[in-house]
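**Student:** Here is the input, now give the coordinates:
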Amino acid sequence: MVMPSDQYCLSRGFKLTFTNQGMTQTLPDYRAAMQSDPNLRLVITKMGQMMADRGFPLKDLEAEMRNMMQESAESSMLTSSSSGSEMAESPIDVLKRVAKADIILDLDFDLKAQGPSKYMVFNLRGLDAYTAKQVSGVAGAGRPSTSATPEILMEEAVLSHMDSFNAGLMRHFDDLFENGREVKVLVKVFNNWGENLESEFESAGETKELSFIIEDWFADNCVKGRFNLSDATENQMRFEQVRIPVMKLQSGRERAVDTRSFVSDLRKHLTDKYQIQSKLYLRGLGEAWLILGEK
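**Tutor:** Numbers count the residues shown, from 1 in each chain. So this is what the prediction gives:
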């Protein structure tokens, strides 16, 4: 999905300002940008066409935001036929109703003048939505023109860099299928559980601390055993650079694996073998929390 960069939106006044726990925060307002900036719509459309021509069809930002608004409107009007009760929706549900995409194409551009001519300066970054890591990027400027429209100027500016940008995306996808997708997992403990990660359980005929049992599970289930345990205490374990498979065989057919399904397998392992109840909380595409003790 092509999205205007934060710098592009904020520098042009497309922003939302609010107070969060006494601190003022400013976020880009993508809806206002799409509705008020015709050049942005033209450039995003052109970028989508160029990427689709090279085998990378994109989600459309404006269509996704429209779907979100429609879903919000339908949710607010939906009531129970028997009692008239409204549908339950927590602030977290509202927060998560966002347009999700595997790769974000973060675009910043500016139309500059050189005498009677105009030219396009751009900065395009491919960001993995799971890790926020940059997996590809190009920047440059196009040739001046006195008559070309913004989308044509963008095409001329980007065209010479497009092959190297797409090559970076392909290297990223090849790495995903060979070494797995990178995610984060945080294992925590409910305060009233009565156990913690240093509690001991029977495993494979020997007694082990729960933290070592969980670490062994990651070693057995990550692609090539690749993960990093960056922090471990009696109350939490933080796993980073966790490589999960892109696909897995289930019920005789291949099925895509995401962070939720991967951590669900750990949750099921702890429930079936050690009778440990837990709650799974998905924090974005690339991070999940497993909170032990109860659902």
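**Student:** Okay, now stretch 236-254: how far is its last residue from its first?
**Tutor:** Across its full length, stretch 236-254 reaches 33 Å between end residues, using CA to CA, to the nearest Å.
**Student:** ok, residues contacting that stretch?
**Tutor:** Defining contact as CB atoms under 8 Å, 6 or more residues apart in numbering, one finds that stretch 236-254 is touched by 176-177, 179-189, 197, 211, 214-215, 218, 222-224, 226-232, 255-257, 259, 262. For every residue, glycine as well, the C-beta is placed using N, CA and C.
**Student:** Can you give me the buried ones in that stretch?
**Tutor:** 236-237, 239-240, 242-246 (16 or more other CB atoms under 10 Å).
**Student:** Strands of the stretch 151-295 of the chain, start to end?
**Tutor:** 181-189, 200-203, 206-209, 228-232, 236-244, 247-250, 253-256, 278-282, 287-292 (DSSP state E, counting those that start in this stretch).
**Student:** Flag the shaky bits of the stretch 1-150 of the chain, pLDDT-wise.
**Tutor:** For the stretch 1-150 of the chain, residues meeting the criterion pLDDT under 70 lie at 20, 71-100.
**Student:** try 50
**Tutor:** Counting by pLDDT under 50, the ranges of the stretch 1-150 of the chain that qualify are 91-92, 95.
**Student:** Spell out, range by range, the strands that occur in it.
**Tutor:** Taking DSSP E, counting those that start in this stretch as the criterion, the stretch 1-150 of the chain carries its strands at 2-4, 15-20, 23-28, 103-114, 117-128, 134-141.
**Student:** Gly293 is nearest to which of those?
**Tutor:** If you check each of these against Gly293 by CB to CB, strand 15-20 wins as the nearest, at 29.0 Å.
**Student:** circling back: just the buried residues of the contacts of stretch 236-254.
**Tutor:** Using 16+ other CB under 10 Å, the buried ones in those are 176, 180-189, 197, 211, 214-215, 218, 222-223, 227, 229, 232, 257, 259, 262.
**Student:** The residue lying closest to Val242 once chain neighbours are set aside and Ala157, how far apart?
**Tutor:** In space, and not counting its chain neighbours, Val242 is closest to Phe227: 4.4 Å by CB to CB, 6 or more residues apart in numbering. Relative to Ala157, Phe227 is positioned 41 Å away (CB to CB, to the nearest Å).
**Student:** How about Ala32?
**Tutor:** 25 Å.
**Student:** Which one of these two is surrounded by more residues?
**Tutor:** Remark: of Ala32 and Ala157, Ala157 carries more neighbours, 21 against 15, as counted by other CB atoms under 10 Å.
**Student:** still on that earlier bit, using TSV, please lay out the strands of the stretch 151-295 of the chain together with mean pLDDT.
**Tutor:** Formatted as TSV, the entries for the strands of the stretch 151-295 of the chain read as follows, by pLDDT from 0 to 100:
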stretch	mean pLDDT
strand 181-189	95
strand 200-203	89
strand 206-209	91
strand 228-232	94
strand 236-244	95
strand 247-250	83
strand 253-256	84
strand 278-282	91
strand 287-292	94
